[in-house]
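Asker: Got a predicted structure here, sequence first:
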Amino acid sequence: GGTQVGNPMNAIKTYINSAEYKKNINAECDRTIIIVMSDGYWSQGSIAEQRARELYQTHNIPTFVVAFGINSNSLMVNLASAGQTYPKPGVLGGTSIDPNDLANSFMEAIQSVNFDAYSTVAPTVLPEMNAGNLILNAEFKYSAQHQWEGYLKAKKINDDGSIGGQIWELGENLNRTHPDSRRIWTAAAGLATPTQSNRMYLPNNLLWNDSSYVTKYAQLMETGGYFSNSSYYDAYYLLRFIRGYDSYNENSGSSYRWKLNDIYNSKPKYVGQPPDIPKDSKYAGEKKYFYDLDPNAYDQFQKTKRTPMVYVGSNAGLVHAVDANTGQEKWAFMPPPMLNKMKDVISSARGNTNSIYGVDGPLVVDDIYIDGKWRTYMIISFGYGARAFSVIDVTTPEYPAHVFSIENYIDDNGTLKVKKWDSAGNEINMTSHNASSTAGCFGCYKQLGYTTSAPHFTYAWDAHSRSSYSPIMIIGGGSTNSGLGNINQTTGNTVY
């Protein structure tokens with residue numbers, strides 16, 4: 001208790017405010033951080049905490065705390081909190097006195113700053129909205145052994161082309177939303193699943209407070225009692241976690257966690273009113289062909305007002321449907337292939353979680369003519385989250401519907417298998433089907449890998465009827481593996 005930690009923090013503040021410090025900081029991208037290492041308790045904690053707050057508020061300088069040879073204590077937590085680094089990454093280090101562990105703790109603090117507010121996808125420009133033209137930028141904050149916090153910022157584009165003030169931010173909006181007020185859904189047999197023939201307003205079936213649903217999700221998520229020695233309670237905690245509860249005690253002093261995970265490779269997709277189709281035959285294209293089949297059908301489709309939306313995938317395993325004017329999440333969808341991947345967030349270390357790949361590929365949305373109607377379909381790709389793709393109907397944003405999902409997965413024995421979910425979420429094992437089966441065929445998708453390229457909707461001549469065109473999707477076979485395990489050369493070497 002004899003270490004007076006307030007004195008060095010005072011000295012640091014004096015230096016930061018000096019002309020010498022300002023002379024040494026030559027670039028806007030230069031960053032300064034403070035790391036306090038201790039092997040016990042200290043005095044002057046309130047002074048140190050005040051200086052940490054001041055340095056962060058006035059200079060954006062965070063204070064990290066590294067415990068050396070001891071467990072963290074309340075003084076360390078308080079100082080890291082004042083320095084805006086708790087709970088993520090929290091108090092680093094621990095009981096180890098291995099110098100390599102100490103070096104890793106320092107490196108983690110440095111990496112946390114390097115990846116602060118990092119972005120990996122290009123901005124998205126939105127057309128004229130209520131607030132004018134907007135630009136969307138997805139960012140995230142890296143954190144080892146925890147979820148990466150995601151942000152989706154909408155800023156105004158001024159008349160002179162410069163970027164103006166922030167209009168809304170999805171992460172903050174979600175943080176102000178109670179977890180149980182969110183509308184989160186998936187497609188699975190035995191659940192209230194919205195389909196094209198059974199629409200549901202803002203569907204919501206990813207529930208933790210209904211025991212029958214939890215029992216069902218324990219099977220779907222294949223939890224196996226890893227965290228709580230009970231498959232049921234593993235599913236219970238996971239469902240709460242997905243909604244935004246702090247199921248794994250990462251956030252000291254709060255029952256909730258940051259609800260938006262990192263948006264890493266899934267670029268936000270804007271969907272507004274259906275566009276005009278050129279009527280001049282000189283510009284005839286695939287949509288003009290279907291327009292001519294029933295001009296009134298498209299005219300009515302186009303005239304139906306719908307809420308302008310932004311759709312984006314996150315590594316929470318969700319597709320977020322966001323009102324483009326307000327930045328409020330309308331609903332979130334967990335595609336069926338993600339359900340048994342979510343258990344991978346559970347860490348063996350209490351107070352930690354694992355960041356995973358979720359819905360990490362491009363989303364593609366287009367208006368297509370199918371079964372005599374115009375619909376707006378979305379293809380969901382997963383990047384390194386799954387060897388899979390899903391299709392949902394977002395013609396009316398408030399009434400989404402699952403169309404189908406396909407996954408080429410590896411079972412516990414290392415065998416590649418293909419399964420399909422129909423519109424109601426019923427699973428079909430395609431491994432036993434052949435090319436003539438209406439359920440599809442194993443051979444059709446057994447080479448599907450981790451798709452990182454953007455899928456595409458188009459039309460092709462119907463080889464069966466030989467008299468018309470049919471809508472099709474083109475999907476890249478993807479990578480042979482996610483970089484996280486052994487490469488399987490039988491996947492990722494074709495185009496669908």
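Answerer: Yep, it's here.
Asker: and the end-to-end length of stretch 191-208?
Answerer: 13 Å (CA to CA, to the nearest Å).
Asker: where's that stretch relative to the chain centroid, distance-wise?
Answerer: Distance of stretch 191-208 from its chain centroid, counting by CA atoms, centre = their mean, to the nearest Å, is 21 Å.
Asker: before we move on, what about stretch 70-78?
Answerer: Its chain's C-alpha centre and that of stretch 70-78 lie 32 Å apart, by CA atoms, centre = their mean.
Asker: Identify the residues contacting it?
Answerer: Outside stretch 70-78, the residues within contact range by CB atoms under 8 Å, 6 or more residues apart in numbering are 38-42, 45, 49, 65, 67, 86, 90-91, 94-95, 252. Glycine gets a C-beta too; all of them are placed from N, C-alpha and C.
Asker: For the residue lying closest to Gly224 once chain neighbours are set aside, what are phi and psi?
Answerer: Spatially, and ignoring its direct neighbours in sequence, Gly224 is nearest to Ser231 (5.5 Å; CB to CB, 6 or more residues apart in numbering). Main-chain torsions, Ser231, degrees, to the nearest 10: phi -60, psi -40.
Asker: Identify the residues contacting Ser231.
Answerer: 218, 223-225.
Asker: How confident was the prediction at it?
Answerer: pLDDT, Ser231: 91.
Asker: What of Ala297?
Answerer: Looking at Ala297, the pLDDT reads 91.
Asker: which parts of the strand or helix carrying it are buried?
Answerer: Per DSSP states H and E: Ala297 is located in helix 295-303. By 16 or more other CB atoms under 10 Å, the buried positions in helix 295-303 come out as 298, 301.
Asker: Off-centre distance for it?
Answerer: On CA atoms, centre = their mean, the centre of helix 295-303 falls 34 Å from that of its chain.
Asker: Equivalent analysis for stretch 239-252, please.
Answerer: In terms of CA atoms, centre = their mean, the centre of stretch 239-252 is found 16 Å from the chain centre.
Asker: Could you measure from the nearest residue to Ile47 once chain neighbours are set aside over to Ser390?
Answerer: Nearest residue to Ile47, sequence neighbours excluded (CB to CB, 6+ apart): Gly6, at 3.1 Å. Here the criterion is CB to CB, to the nearest Å. By it, Gly6 lies 55 Å from Ser390.
Asker: who's more crowded, the two?
Answerer: Counting neighbours by other CB atoms under 10 Å for Gly6 and for Ser390 shows that Ser390 has the greater number, 26 against 18.
Asker: Note down every partner strand of the strand or helix carrying that one and its orientation.
Answerer: Using DSSP H and E, Ser390 maps to strand 388-393. Its sheet considered, strand 388-393 pairs with strand 373-381 (antiparallel), strand 401-410 (antiparallel) by DSSP bridges.
Asker: Residues touching the longest one, excluding its own?
Answerer: Counting contacts by CB under 8 Å, 6+ apart, the residues outside strand 401-410 that touch it are 187, 193-196, 199, 335-337, 377, 386-393, 416-425, 440, 445-449, 488, 491.
Asker: Would you mind listing the residues in contact with Leu92?
Answerer: Per CB under 8 Å, 6+ apart, neighbours of Leu92: 64-67, 105, 108-109.
Asker: again, only this time at 10 Å
Answerer: 35, 37, 64-68, 72, 76, 80, 85, 101-102, 104-109, 112, 144-145 (CB atoms under 10 Å, 6 or more residues apart in numbering).
Asker: any chance you could map the helices in the stretch 101-250 of the chain?
Answerer: For the stretch 101-250 of the chain, the helices defined by DSSP state H, counting those that start in this stretch cover 170-175, 211-220, 231-243.
Asker: Report the angle between the second one and helix 231-243.
Answerer: Inter-element angle recorded for helix 211-220 and helix 231-243: 100 degrees (by axes from the mean of the first three to the mean of the last three CA atoms, to 10 degrees).
Asker: So which bits of helix 211-220 are buried?
Answerer: Under the neighbour-count criterion of 16+ other CB under 10 Å, helix 211-220 has 213-214, 216-218, 220 buried.
Asker: again, but for the first one
Answerer: Judged by neighbour count using 16+ other CB under 10 Å, the buried positions of helix 170-175 are 170-174.
Asker: cool, stretch 360-376 as well?
Answerer: Residues of stretch 360-376 classed as buried: 360-369, 374-376 (neighbour count, 16+ other CB under 10 Å).
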